[in-house]
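Chemist: Quick one: sequence plus predicted model below, questions after.
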Amino acid sequence: MGKGGKSHQEGEENMAAWLVGLNTLKIQPFKLPPLGPHDVRVRMKAVGICGSDVHFLKTLRLADFVVKEPMVIGHECAGIIEEIGSEVKNLVPGDRVALEPGIGCWRCDLCKEGRYNICPDMKFFATPPVHGSLARQVVHPADLCFKLPDNLSLEEGAMCEPLSVAVHACRRANIGPETNVLVMGAGPIGLVTLLAAHAFGAPRVVVVDVDDYRLSVANNLGADGVVKVSTNMQDIPQEVERICEMMGAVGVHAITMTVPLTPAAAREVDIIGIFRYKNTWPLCIELLRSGKIDVKPLITHRFGFSQKEVEEAFETSARGGDAIKGMLNLRGMHDLESKPVFLCACNDNYVRLYELPSGKIFAKQEIRAIEVGPSGLFFTGDGSGFKVWKWAEPVAST
């Protein structure tokens, strides 16, 4: 048993979203592995849906990774520490953490060089045959759980995973004040790359996509130019050059493609591969904490953790359209909605908690909270998106 917290409650089933077949997800029990001395048990609170999750659902494979037996899905995640292993020193129960989903072997030369993202024995959430994190609870190495500051929500913590892809790309490409950037694709990864490139100092970032809505999102996020791909492919280079004399490009291409090596060599074009990320979580958290990057506008759809809602979440993400990032909120019985308190707004920025006598309930306005944090309340408000109210002092009661 670990220390400093509650052990896994007797009789409590740990439910998870299992990929059990083509286009088939089921909420079923998931047995937790034993808690090791350097592990923590985390109660999941926010899990984002990635394109790779949808790809596994629709095809049961992604590149060379093939789903051959039922697998728990999900890898973009954040939660609250429930229990810590006997040797864990840097975390305590109650800490809010973002989880880095890949575990290297820590023995091979690549891991020892710090390039653990390409470790041949990497164990990565929801990459066959490794189970993922769309579960009530998971056990994970403490060193891969990063404490969140009070001003960040757990949803933002889960967004550290896609943001890490963008940060790693910017690092690999040496993005800086002298580097203009072309981002090919305005999906979630393309949009966080737009944000990261600006945070790294790129003076101009242009985004290319086929979808008008997603290009409008890129515009709203600060793109210096957008290019809609049309059937007239010959117009694209001229349009991009009109907006920005390109010095760098970030994007994902087909598995096979033709590269004109002679022209590339003559222009000294560098083609750099990236795979996932390494050593990015502390920087991502700081970029979010400081406000240099705001990922909240990317979370367009929220869902609960029932069978129906999980199915709806994945179908919504698969359809695309106005769905940029779907987020699953795994609220439990101990969360805000079951507590005998009601929220009364003091002004536009602060709230107080009042405990009301049974039966004396009335409300001028009702809001749905998605998280209670140490510094305030995170909720979805008036249709304009994600909001935060800070706690007022002192907390009052009647």
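Modeler: Sure thing, it's come through.
Chemist: rest of the way, CA atoms for contacts and neighbours
Modeler: Fine.
Chemist: Under the pLDDT cut-off, which ranges of the protein? List them.
Modeler: Residues of the chain meeting the criterion pLDDT under 70: 1-12, 231-257, 332-398.
Chemist: any idea which residue sits dead centre in it?
Modeler: M159 (2.6 Å; C-alpha atoms, centre = their mean).
Chemist: Thought I49 was touching that one, still the case?
Modeler: No - M159 is beyond contact range of I49, at 10.1 Å (criterion: C-alpha atoms under 8 Å).
Chemist: Identify the contacts common to the two.
Modeler: Contact criterion C-alpha atoms under 8 Å, 6 or more residues apart in numbering; residues shared by M159 and I49: E76.
Chemist: Got the phi and psi for L99?
Modeler: Dihedral pair for L99: phi -100, psi 130, per degrees, to the nearest 10.
Chemist: now that we're looking at it, which residues does it contact?
Modeler: 76-79, 144-146, 158.
Chemist: Then G21?
Modeler: Per C-alpha under 8 Å, 6+ apart, neighbours of G21: 57, 60, 70.
Chemist: Show only the entries of these found in helices.
Modeler: Counting by DSSP state H, the part of the contacts of G21 found in helices is L57.
Chemist: Would you write a PyMOL line that selects the buried entries of the contacts of G21?
Modeler: Per 16 or more other C-alpha atoms under 10 Å, the buried members of those correspond to this PyMOL selection:
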select buried, resi 57+60
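Chemist: Switch the contacts of G21 over to a markdown table; also include distance to M327.
Modeler: Conversion of the contacts of G21 to a markdown table gives the following (distance: C-alpha to C-alpha, whole Å):
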| residue | distance to M327 |
| --- | --- |
| L57 | 17 |
| L60 | 22 |
| P70 | 22 |
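Chemist: quick one: which of the contacts of G21 is nearest T262?
Modeler: Proximity of the contacts of G21 to T262 (C-alpha to C-alpha) peaks at L60, which lies at 38.3 Å.
Chemist: For S216, see how far away that closest one is.
Modeler: Per C-alpha to C-alpha, to the nearest Å, L60 is found 32 Å from S216.
Chemist: starting at the chain centroid, how far to stretch 314-322?
Modeler: How far stretch 314-322 lies from its chain's middle: 16 Å, per C-alpha atoms, centre = their mean, to the nearest Å.
Chemist: The nearest residue to S230 once chain neighbours are set aside and V54, how far apart?
Modeler: Leaving aside its chain neighbours, S230 sits nearest to V210 (7.0 Å; criterion: C-alpha to C-alpha, 6 or more residues apart in numbering). According to C-alpha to C-alpha, V210 and V54 sit 20 Å apart.
Chemist: more crowded one of those two?
Modeler: Legend: neighbour count by other C-alpha atoms under 10 Å for V210 and V54, higher for V54 (20 against 15).
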